[in-house]
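Visitor: Give me a model of this one.
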Amino acid sequence: FRFVILSMITRGLTQSAQKMSQIRRFPMKNLARHFATSHATPLTYYSAWFCPFAHRATIALEHHADSVPYAWEEALGWEKRPPTGNEEFSADERKDWYYHWKSPGLMKANPLGMVPTLVEPSSGRTVTESIVAVQFV
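Guide: Numbers count the residues shown, from 1 in each chain. This is a model prediction of the structure:
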């Protein structure tokens, strides 16, 4: 029963997508080709492998990878370093200290330090929200 329902939904979605592709005013492939040829340098993509919001932009970029070049930079992470002295508990309570790290490039492009962030090198335009990044790509 589930298979029948899923196949009906899939068939309906496929037919809807085919109808929508016929309605579009601008051919998306031509738009993507124009974008790729007008920008010799790839977009800089600041992301984090663990961020579900960045995954949206990653999927869009991978889907259009042949026409929208990009360079991935892992922008968030953790680094091990000695205690700063500003901790809320004694430094003797722990043997290792990990601190949240944000890429300097990300902080320059987006002072809030949020991912995903896309930067177009030629114009310096920055896109910072995941849905907006998907639309931009």
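Visitor: And for Glu74, the neighbour number?
Guide: Number of residues near Glu74 (other Cβ atoms under 10 Å) recorded here: 13. For the C-beta atoms, the positions are set from N, CA and C on the backbone; glycine is no exception.
Visitor: how close does Val137 sit to Lys102?
Guide: From Val137 over to Lys102 the distance is 23 Å, taken as Cβ to Cβ, to the nearest Å.
Visitor: Let me fix that, I meant to ask about Ala65.
Guide: Using Cβ to Cβ, Ala65 is found at 26 Å from Lys102.
Visitor: between those two, who's got more neighbours?
Guide: More neighbours surround Lys102 than the other of Ala65 and Lys102, with 17 against 11 (other Cβ under 10 Å).
Visitor: I'd assumed Val115 was in contact with the more buried one.
Guide: No - between Lys102 and Val115 there is no contact under Cβ atoms under 8 Å: 9.1 Å.
Visitor: Spell out which residues are contacts of both of those two.
Guide: Common neighbours of Lys102 and Val115, counting by Cβ atoms under 8 Å, 6 or more residues apart in numbering, are 75-76.
Visitor: what about Thr126, neighbour count?
Guide: 14.
Visitor: likewise the one 5 residues further on?
Guide: In terms of burial, Ile131 registers 11 neighbours under the definition other Cβ under 10 Å.
Visitor: Could you pull up the residues touching the residue nearest to it when sequence neighbours are not counted?
Guide: Using Cβ to Cβ, 6 or more residues apart in numbering and skipping the chain neighbours, the partner closest in space to Ile131 is Arg56 (7.1 Å). By Cβ under 8 Å, 6+ apart, the residues touching Arg56 are 116, 130-131, 133-134.
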